[in-house]
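> Sharing a sequence plus its predicted fold:
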Amino acid sequence: MSQENVEIAERANAAFNRGDVDAALDRFAPDAELRDLLNAPDQSTTVKGVEAIRETWTLWIDAFDELRADIDEYIDAGNTVIGAVHWHGQGKTSGVSIDVHQFDAYEFRDGMITRVSLGFRSRAEALEAAGMSE
């Protein structure tokens, strides 16, 4: 089941990078959560429910030119998939570039994404949050 989770995370990320929020959310549970451990553009730390995630991602995509989350590596951690992510883009209004490397975690239940936690600063921190160690 965990390889299937990796594939679901890959498809969701590819859809997000295309700007296809609906396809990105296709395998999200209706009560899924998005947790931003750093600073989200909308100043919130947790967004609950797939519709709220849709609104948040749409805000992000609308705020940046070519916002991308390029995953350098997926780590299979059982019911959690961790991605080594390179976020980049440029603010449409401000022109400020973002270039951030972090680890994001996708938690699964019954083949559905139930929580995405963005912004772990290290592989060890992300693995620890998933109940594993390096």
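Yep, that arrived.

> Every contact and neighbour count from this point should use C-alpha atoms.
Noted.

> tell me the SS of residue 105?
Secondary structure state of residue 105, per DSSP: H, G, I helix; E, B strand; the rest coil, is strand.

> beta partners of it?
Beta bridges link residue 105 to residue 82, residue 117, judged by DSSP bridges.

> I'd say it and residue 84 touch.
No. Counting by CA atoms under 8 Å, residue 105 does not reach residue 84; the two are 9.1 Å apart.

> Next, show the common contact partners of the two.
Both residue 105 and residue 84 lack any common contact, where contact means CA atoms under 8 Å, 6 or more residues apart in numbering.

> Need the pLDDT of residue 39.
The score at residue 39 is 57. That number is its pLDDT.

> What distance do you get for residue 38 to residue 32?
Using CA to CA, to the nearest Å, residue 38 is found at 19 Å from residue 32.

> The two: who's more crowded?
Neighbours per residue, other CA atoms under 10 Å: of residue 38 and residue 32, the larger number sits with residue 32, 23 against 14.

> Any regions of the protein where pLDDT drops low?
Along the chain, the model assigns pLDDT under 70 to residues 1, 39-44, 134.

> For it, which segments are assigned as strands?
Under the criterion DSSP state E, the chain contains strands at 28-36, 46-48, 64-77, 80-91, 97-109, 112-120.

> closest to residue 14 out of those strands?
Nearest to residue 14 among these is strand 64-77; the distance by CA to CA comes to 8.6 Å.

> Alpha carbons only: can I get that closest one in CSV?
Taking C-alpha atoms only, strand 64-77 is exported to CSV below (Å, rounded to 0.1, in the frame of the first residue of the first chain):
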residue,chain,number,x,y,z
PHE,A,64,3.1,33.6,-7.9
ASP,A,65,4.3,33.2,-11.4
GLU,A,66,5.1,29.6,-12.0
LEU,A,67,4.9,28.4,-8.4
ARG,A,68,6.3,25.0,-8.3
ALA,A,69,7.1,22.3,-5.8
ASP,A,70,9.7,20.1,-7.4
ILE,A,71,10.2,16.9,-5.4
ASP,A,72,13.8,15.7,-5.5
GLU,A,73,13.0,12.5,-3.6
TYR,A,74,10.1,10.7,-2.1
ILE,A,75,10.6,8.7,1.1
ASP,A,76,8.2,5.9,1.8
ALA,A,77,7.4,6.0,5.5
